[in-house]
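Student: predicted model, plus sequence, below.
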Amino acid sequence: MKRLKLGVLGSGRGSNFVALAAAVAEWKVAAEFVVVGSDQADAKILEEAKARGISTWVCPKGNFRTKLEDEIEEELAQRLANAGVELLILAGYMRVVKRPLLSRFGGAMINIHPSLLPAFPGLRAWEQAWKAGVKETGCTVHWVNEVVDGGSVIRQIRVPVEVGDSAETLHGRIQKAEHCLLPEVVRDLAMGKVAWPKDPRR
Ligand code: GRF
C-alpha cells in the first residue's frame, strides 16, 4: 500500500509530533514522515525528528514574530513540496500561515488547537478557557485556511474543567487529549475515512 507522505511544522516541544510518530509505528498507519520543519533552530521538535532519522528544515526567522515574510514562506513551501509532502500537519507551529503555504497545501493542511473551536482561537487557548470559567474545553483538529484557527473542524475531544484546576493542570489534560486526537485523525485521513478538501493523491 502506498504510504501517505507527512510533513510536520512545529515551533516548540513537539509532543504532538512524538505522539503521532509513535502511533504511526504502533498502529501500522500507511504513512511516513518526509520532513519536519521549524522556524526555531533550537526547537525540540527538530531533535525529536532527527532522533527518528527524519529530515529537518529550519527557515530563517525573518523580521516578524507571528508571520514569515512571503519569500521565506515561499521557500519553506517549496522545500516541503520538494520533499513530496502530501499532508502538512501544523503541530505547535506559531506563525500565521499565508498564501505561499496555502496555495500549495490548502485542502491538505491540518492544525491541532487546544480548545473546542470556534471557541477560543489564538494564543494560550487553554488559559483563555480557564479564565472565561467554562465548564468544558478540549482540543480540535481542523483544516487550515486563511482565517487563523478558522478552517472547518475535522474532529474534537472534550475535556472537562475540574474544580481546583489551574490553567497549567488544564493544559496538561488537554495535551493528553491532543496526543490521542491528532494520531486518530491522521490515521483516518490516510485510510480515506475522513474526506479531504483536496487529496493530492487523487
Ligand atoms: C499544542 O497544544 C497545540 O494544540 C498548539 O501548540 C501546542 C504544541 O505542543 N497548536 P507540542 O509542541 O506538540 O508539545
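Tutor: Arrived safely.
Student: residue contacts, Ala41?
Tutor: Val58 (CB atoms under 8 Å, 6 or more residues apart in numbering). Bear in mind the C-beta positions are built from the backbone N, C-alpha and C, glycine included.
Student: quick check: it is in a helix.
Tutor: No. Ala41 is assigned coil when assessed by DSSP: H, G, I helix; E, B strand; the rest coil, not a helix.
Student: does Lys89 touch Gly14 like I think?
Tutor: Not quite, residue 89 is Ile, not Lys. No. With contact defined as CB atoms under 8 Å, Ile89 does not reach Gly14; the gap is 11.4 Å.
Student: okay, strands next: where are they in the chain?
Tutor: Ranges of strands in the chain, per DSSP state E, are 4-9, 31-38, 56-58, 87-90, 109-113, 136-143, 153-160.
Student: same list (these) but as TSV, adding distance to Gln78.
Tutor: Shown next, in TSV, are the strands of the chain (distance: least, CB to CB, whole Å):
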stretch	distance to Gln78
strand 4-9	12
strand 31-38	11
strand 56-58	10
strand 87-90	13
strand 109-113	15
strand 136-143	22
strand 153-160	26
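Student: can you check the pLDDT for the nearest residue to Pro197 once chain neighbours are set aside?
Tutor: Closest residue to Pro197 apart from its sequence neighbours, by CB to CB, 6 or more residues apart in numbering: Gly107 at 3.6 Å. Gly107 carries a pLDDT score of 97 in this model.
Student: which residues touch Glu136?
Tutor: Per CB under 8 Å, 6+ apart, neighbours of Glu136: 116, 158-161.
Student: if you could redo that for Gln156, that was the one I meant.
Tutor: So, once contact is read as CB under 8 Å, 6+ apart, Gln156 ends up touching 116-117, 138-141, 181.
Student: what's the spacing between the residue nearest to it when sequence neighbours are not counted and the ligand?
Tutor: Leaving aside its sequence neighbours, Gln156 sits nearest to Thr140 (CB to CB, 6+ apart; 4.7 Å). Using CB to the nearest ligand atom, to the nearest Å, Thr140 is found at 8 Å from the ligand.
Student: quick thing: my sequence starts at 16, can you match it?
Tutor: From this message on, residue numbering opens at 16, which makes the last subject Thr155.
Student: quick one: Thr155 and Ile127 touch, right?
Tutor: Yes. Assessed by CB under 8 Å, Thr155 is found in contact with Ile127 at 7.3 Å.
Student: which neighbours do those two have in common?
Tutor: With CB under 8 Å, 6+ apart as the test, Thr155 and Ile127 both reach Leu196.
Student: much appreciated, bye for now.
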